[in-house]
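> got a sequence here, can you model it:
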Amino acid sequence: IVAKVAPRVGWFDLSTLKEPYRLEGKKTMGLELAEQLGWRMPDVLLYPTGGGTGLVGIPKGYEELRTMGWVTGPLPRFVAVQAEGCAPVVKAFHEGAETTAAWENPAATEAPGLRVPSPFAGRQMLKILRDTRGDAVAVSEKEIVDAQHLVARLEGIWTVPEAAALVATLVRLKERGAITREAETVMVFTGAGIKYAPPALPAPTDLTGGDDEIVERVIRALRV
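Model prediction:
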């Protein structure tokens, strides 16, 4: 609809990857990562995938740095991460398709940024995944929520569900041996969880009684 309306009313279509500016902006993530790692690239990079601007932009940045001689070696293995209820990139990747097909009846998800039924950059994303010997993984809603709580508990970070999906994917890939302990792996956390509904809080811990009782209750509440 936007593509048809925009030219008729004199507007510029800013939809994902239908203009060059956002891609160039996302490219800077690759530049910053290279700088932060001492002008080298990681072994694996997991990215939450909806429209695909970041998944196309980051390797573009790396390629430009490599052309200038600022980094050397192969690009990271890129892994596209989606939600099971809407995973056109994952489906196309594992079916060996050249581009994505529209996902029918996309389900609601805790990670709305991953819910893009018909990404414009399907062909480009699939090429990047294959050229870098990467992968594409779809995770369940439970895995996303569990990973979100895991990151909060272990790192003190309340991240968006889209980013939590990366942690769920990392767990799955490590369990099947697709990522080794030695592999330097980057996960791109794309936002703070407070952007969405705040997490459900547990009931307050009873701090009355003897010290030993209180300590045990606190430990149980912390789940450690």
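> what's the helix or strand for the closest residue to residue 223 other than its chain neighbours?
Closest residue to residue 223 apart from its sequence neighbours, by C-beta to C-beta, 6 or more residues apart in numbering: residue 153 at 6.9 Å. Glycine gets a C-beta too; all of them are placed from N, C-alpha and C. Per DSSP states H and E, residue 153 falls inside helix 141-155.
> what's that helix packed up against?
Other elements packing on helix 141-155 under the criterion 3 or more C-beta pairs under 8 Å, 6 or more residues apart in numbering; DSSP states H and E are helix 161-175.
> contacting residues for residue 109?
The contact partners of residue 109, by C-beta atoms under 8 Å, 6 or more residues apart in numbering, come to 83, 85-86, 115, 141, 144, 161.
> at 7 Å what do you get?
Applying C-beta atoms under 7 Å, 6 or more residues apart in numbering, one finds that residue 109 lies in contact with 83, 85-86, 115, 141.
> and residue 219, how many neighbours does it have?
Using other C-beta atoms under 10 Å, residue 219 is surrounded by 11 other residues.
> hmm, who's touching the helix or strand that contains it?
Using DSSP H and E, residue 219 maps to helix 211-222. Helix 211-222 is touched from outside by 202, 205-207, with contacts defined as C-beta under 7 Å, 6+ apart.
> gap between the residue lying closest to residue 37 once chain neighbours are set aside and residue 217?
The spatial neighbour of residue 37 that comes closest, neighbours along the chain excluded (C-beta to C-beta, 6+ apart), is residue 184 at 7.9 Å. Distance, residue 184 to residue 217, by C-beta to C-beta, to the nearest Å: 40 Å.
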